[in-house]
Each structure stands twice: as structure tokens, then as C-alpha cells.
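**Student:** I'd like to go over a predicted model; first the sequence, then the structure.
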Amino acid sequence: MAFFNDHVLQWVILAIILLTPLVFCPWSYGGSELPKLLFVHILMVFALICLLLAKRKESTFKISIIHLLLLAFFGISAIATVLSVSPFISVTGTYQRYNGLILIADMILLCFLSTNASLDLRKLFVSATIVGVILSLYGIAQHFGLEFANWDISEATRKSALKYRSFATLANPSFLGLQLAMILPLTMAGILRSGKRFKLAWYLALVLIIICLIFTYSRAGWLGAIAGITAWIGLSYRKNTHLKALLLRWELLVVICSVIIGALLASFGDRPSALDRAVSIASQDDSSTQVRFKIWRGSLDMIAERPILGWGPGTFRYVFPRFAPDHMNELERQNVSAHNDFLDHLTQIGVLGSAVYLCLLVVIFVIFFRVFYVTDDRSSISALGASLLSYLIAVQFGFGSLAPMSLWWILLGCLIGNYECKSYKLPSWLAKTFISIITVTWIFLTLWSASWLIADVYFRDAKMAWENGDKSTAIAKAEQAIKWNPKQDIYLAFLGRIQQEMGNSSLEACIKAVWVNPINSANHALLATSLQSLGQDKIALKELQKTIELDPQWVQAYNSLGLLYQKLGDANSAISSLMTAIEIEPGYASAHNNLGNVYLSKGEIDKAIISYQRALSLEPGWATAKHNMDIALHLRKEQK
């Protein structure tokens, strides 16, 4: 590399590949994504400072048309952020996902640094395979019930995840599946490039990675892996020597045997069949497939309403409930992604951003094949292309996280840096000015993300104290979390809920939560509860109406709205709200009981009795509904 002769940048890139997937913080509530983000920020700042301190009269940068497209992509994303329904959320992203403008900037800078690192592809393959083996060993241990970290997930989820689906240090089986799918072509290329001394170790790594990939039960990861392996073998086989062609056949045999072994081990005992899971990809009767179809349909409605620049990066989680098709439960409506990469871009940065993104993919495709037909090392360049393809296929049925995204952008940077780039010389003062601005920006982002992590540690302590019944400690810890990250509405809303449970005023915390994130329907519902406790029913009514505007299928909000209308003496509106709740969820016993109360208050005893009967049919032992039923029957008897 012309402007950085001590190879620090190369080691930084390798460290990101090798260590980012492994980084997690057991003391924070999020556990995985935020520590990874901070780690990447620290390494990039270190690399930028080293670049800044390099003493040269002029600096040489490698720049490709891809970098220009990335700048255009960032510019449109920035405009979409400014015009977002919640600009602050679009900057930072959703809590625990951090998928906003900052992440976009991180990946673009990472691609630029990788382009200029002149990275040895053999070291890249080794680093990726090593981390793949470590993740696989951890994931395989999880599959058989061995856990080494205290993940902040529910006991039911913990048992399910450890019994059926491995996630290693990525906190989500789909993320692990995506990471391993991308590593597979790199490992297979490493086998071809390795000497006889290490050939067995490479094959063993390949077997472990495939088995763990199966243990994730990630269908998106499986599809990505199939696409990547097929592309790599198909491209590498062309015009190769007889020896390499023979090795490719052995690799394919190892892959097939590993899949069979992994499928048998995955289905051992009372675990679900991996084969059934694979077959369900094409089944429209599969529940998760049906949910994906609903999400895609709702996403199309989102795009139709704001087609040009979308709703803003990182806002999908809060906007989607407005457009969710009928009969999606609360958890399904809270998806952070469209489970399709193109729909994600269209919903969040609109047609303009998506057009640039599509152009970027087309240019990558053209550059790849241009390089492929002129290089002598087709197996290596094929591995880069196959790994990039694995990611692109997988995210059409899911979504990525920081670790696999980082690997994708590093591979792209290596592709264009090693094979398709022009070098431009800049005067030292201009280069240092440019690097200084970027360095200061990323130092700020590093300190900011560090404060988020500290806040999340306090938030975990607050959650644990609350679960243990120590509400005073929970409040103190939540306040510390808010001190370190005052613009995280999750912390503010949590504090508000605890204060409400203790009978204290939660108005300040709830108002701040709404101010920080006005598109989160839960914040408005919490504020409505706080206002009602203070007797401000008319203002609370507006907050509940806002809640329903943001999430039209939230049955609890309709139930609360019906109760508030009844309190304000508007029986007809109360009936309408409660009937809507019942229409959305016929099995909601509380709404039937409350509807009976409204009918009873209007003197419509027969209708009240019918509502109480339905409530009791849903919850036969419910004493409140039984008491209300007795009152209604007594009143009807007196009328006769």
C-alpha cells in the first residue's frame, strides 16, 4: 500500500474479520450487536489515526466507480434521514439493531479502507475460516445444551434456542447462518490454496462449519450457502488444472457428507427434522413463510405511500404496524426488517436510494466478471464473488447484522482494491485534512457508541433488579442508563412503567419517551396511562388515538380506549372501540367483559349477558366476568 507502509491497516481489517463476530458483552442487555459496533469503531479510529500520523509528501488512494456510487448512496440516505418520520431514529437505528445512517457510514468507510489495504487473500481466507471454526464449535455446543454465556433472553427462548437452533455469539440463529454461509466459499478456496501439511485441518474446518450451519436451522442461510457453494465450484472448475479439478470433486464430496452428518445429528432425539425445515422453504403452509408473505405485502403498502425517499433508515420497526395485514400478532408486527433486502431499501430510502443500490450491484457484477476472465487466480476471485452472492441471496429472505455485513463490505473492498481500481495522488495537506475530518467524526461516534454500551449495562442491571422485585434499585439503575444515553426511549419507557407500578408520577419519563421516539406506539400508550392516573383523561384520549393510528391492530389499545370512552360518558364510542378489539382478536376475553359493562351501563342487559357469556367461555374461571354476569342476570330477573 503506497501511503501506509507498516501494514497496520491490513491487520485492522483482519482483526475486524476475525474478532467482530466473537465480540459480545454479557453485562449489557443487548449483549451482541452494540459491543460489535463499538469494537469496529475503535479499530477504524485506530487505523485512521495511523494514517493521519504517516509522514509522506503525498498520499495515494485507490478509488473506483463503486466508491462514487457509495457516496451517492450515502447522500440519498442522508437526505432520507433528514426527511424521515423520525430523524433521530434514522441516525442511530432501532434499539439492539443500530441499522441507521451511522451503520451505512461505517460500512462505506470499511469498504474504502479495505480497498486501500492491499490485503493478502490467503490471510483473509485463514482469518474467516478461523472465526468460522470458533463460531461453529460454540454453536455445536449450544445445540447439545452447553452454554457458556448468560444471554438476556427469556427462559422459553433459551430452551428453544439451545435445544434446536444455534446462534453462538451473534445472538440470533439467522445471523450465525448468514455468517457461516459467507465463510464457506472462502474456506473452500483456502483448501485449494493450502499445502498438504494443512489440508486435513482445512477439511475439518469445512465439516464443522457446515454442521453448525445446519444446526442454525436458518433457511435463508442455507439458501445463501447453496448459492455460494454452487457458484464457487462452477466458476473454479472452469479451465482449472486436473489436480485442482480433482480437489474440487473431493471438496464437493466432503460438503455432501457433512450435510448428511449434520442433518442426522440435528434430527437426533426429540429435535425437529432438518429435512422438514428445508422442505418448508417451499411450503406456503409454513407459519413463518406466511408471516414473511404478510410482511412483504405490508412493505409494498409502505412503499406506495412514500415511494421517493422512503420512511427513513432504521424506521421499519415502528412504521410497519400501520400497514401490517390483518391477523398479525403483536410480535409479528414488530419486525425490524422486511425480510427482503430490496424491500428494506425501498421502504427506508425509497426508489432513489434503491436505484443507486441496484446500480451498485450491477457494477459489482460487471467488475467481478471482468476480473474473473483476466486473473490467473480464479479460485480466489471466485471465492470472493461466491461469498458476496451468498449474502445477497440470504438477505432476500431475512436480514443481516453487523458481523456478516462487515465481512461483505470488506470482501467488496478487496475485490475492487486488488483487481479493479485506479490510484490517485493527493498532496499531503489535502489528504491529512480529509483524513482528519473523518477521524474526528469517528472518534465522536466511538465515544457515543461507548456511552450507549455503558447505558445498556445499567439497563440490564435495572431489568434484573425489577425481575427480582427490587424496584428502588431498578429505578436507580434505569436513571443511570438514561444519564448515559438520554435519547433511548426504551430506557425512558421502562422507567415510566416502574414508576407507574410503584404509584409514582411517571409523566416526565413518558413525555420524554414520546419526544425521543414519537413513532413508537407503545410510548403513546404508556403516556396515556400516566395521564389517566393524573386525571387528564381528555389528553390521554388523544394519546390512545395516536397509539391506534401508529398500530391499528393493537387490541389492548382499543380496549383501553373503550374503557376511557366509557369513563368520559361516550358509550357509543366505547362500544365501537371494544367491538373493533373483538373483531381483531375474537378470543380477547377482557374486551368481551368490558363490552358487557358498557351495555349494562346503557341498560341493554341481554347484550351485556351475551358479552359476559363469551368472556366466560374464553376464560371459564374468571371471577370478575362471573360477578358481572350475576349482576346482569339479577337485573334481568328484576325487570321481569
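**Tutor:** Arrived safely, thanks for sending. Numbering: from 1, shown residues only.
**Student:** Quick one: list the elements packing against the helix ranked longest in the chain.
**Tutor:** Determined from DSSP state H, the single longest helix within the chain is helix 428-467. The criterion is 3 or more CB pairs under 8 Å, 6 or more residues apart in numbering; DSSP states H and E, and the helices and strands that helix 428-467 contacts are helix 33-53, strand 58-63, helix 101-115, helix 471-484, helix 489-501. No exception for glycine: its C-beta is placed from N, CA and C like everyone else's.
**Student:** list the buried ones in it?
**Tutor:** Going by neighbour count (16 or more other CB atoms under 10 Å), the buried part of helix 428-467 is 431-432, 435, 438-439, 442-443, 445-446, 449-450, 452-463, 465-466.
**Student:** So which of the helices and strands packed on helix 428-467 is nearest Arg317?
**Tutor:** For those, proximity to Arg317 was assessed by CB to CB; helix 489-501 is nearest, at 11.5 Å.
**Student:** contacts for the closest one?
**Tutor:** 95, 455, 459, 462-463, 466, 471, 474-475, 478-479, 481-482, 485, 505-506, 509-510, 512-514, 516-517, 520, 522-523, 526-527, 529-530, 533 (CB atoms under 8 Å, 6 or more residues apart in numbering).
**Student:** and with 6 Å instead?
**Tutor:** With contacts defined as CB atoms under 6 Å, 6 or more residues apart in numbering, helix 489-501 is touched by 95, 459, 471, 474-475, 478, 481-482, 506, 509-510, 512-513, 516-517, 520, 523, 526.
**Student:** Where does pLDDT dip in the stretch 201-350 of the chain?
**Tutor:** Flagging of the stretch 201-350 of the chain using pLDDT under 70 yields the residue ranges 237-250, 269, 282.
**Student:** try it again with 50
**Tutor:** Within the stretch 201-350 of the chain, the stretches with pLDDT under 50 are 242-243.
**Student:** where along it do the helices fall?
**Tutor:** 219-237, 242-266, 274-279, 287-305, 316-323, 330-333, 341-372 (DSSP state H, counting those that start in this stretch).
**Student:** CSV for the ones you listed, including distance to Lys637?
**Tutor:** Putting the helices of the stretch 201-350 of the chain into CSV (distance: least, CB to CB, whole Å) gives the following:
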stretch, distance to Lys637
helix 219-237, 60
helix 242-266, 63
helix 274-279, 57
helix 287-305, 47
helix 316-323, 45
helix 330-333, 41
helix 341-372, 58
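**Student:** just so I know, which of these lies nearest Thr624?
**Tutor:** helix 330-333 (23.3 Å).
**Student:** In CSV, list the C-alpha atoms belonging to the closest one.
**Tutor:** What follows is the C-alpha trace of helix 330-333 in CSV, where atoms were taken according to Å, rounded to 0.1, in the frame of the first residue of the first chain:
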residue,chain,number,x,y,z
GLU,A,330,-48.1,-8.0,18.1
LEU,A,331,-44.7,-9.8,17.9
GLU,A,332,-45.1,-10.3,14.1
ARG,A,333,-45.9,-6.6,13.6
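**Student:** That one packs against which elements?
**Tutor:** Using 3 or more CB pairs under 6 Å, 6 or more residues apart in numbering; DSSP states H and E as the contact test, no helix or strand touches helix 330-333.
**Student:** buried set for it?
**Tutor:** Neighbour counts over helix 330-333 (16+ other CB under 10 Å) mark Glu332, Arg333 as buried.
**Student:** Contacts for it, please.
**Tutor:** Outside helix 330-333, the residues within contact range by CB under 6 Å, 6+ apart are Val291, Pro321, Ala324.
**Student:** quick one: which of these has the most company?
**Tutor:** Ala324 (24 neighbours; other CB atoms under 10 Å).
**Student:** got the contact list for that one?
**Tutor:** Residues counted as contacts of Ala324 (CB under 6 Å, 6+ apart) are Gly298, Arg333.
**Student:** Begin at 39 from now on, thanks
**Tutor:** Sounds good: first residue 39 from here, last item Ala362.
**Student:** For it, grab phi and psi.
**Tutor:** When read as degrees, to the nearest 10, the backbone of Ala362 gives phi -60, psi 130.
**Student:** which non-adjacent residue is nearest Arg344?
**Tutor:** Nearest in space to Arg344, with sequence neighbours left out and distances taken as CB to CB, 6 or more residues apart in numbering, is Gly388 at 6.7 Å.
**Student:** Next SSE downstream of the helix or strand bottoming out on mean pLDDT in the chain?
**Tutor:** Using mean pLDDT, DSSP states H and E, the weakest-scoring helix or strand in the chain turns out to be helix 193-201, at a mean of 50. Following helix 193-201 in sequence order, the next helix or strand is helix 211-231 (DSSP states H and E).
**Student:** one step back: where's the residue nearest to Arg344 relative to Val400, distance?
**Tutor:** Gly388 sits 19 Å away from Val400, going by CB to CB, to the nearest Å.
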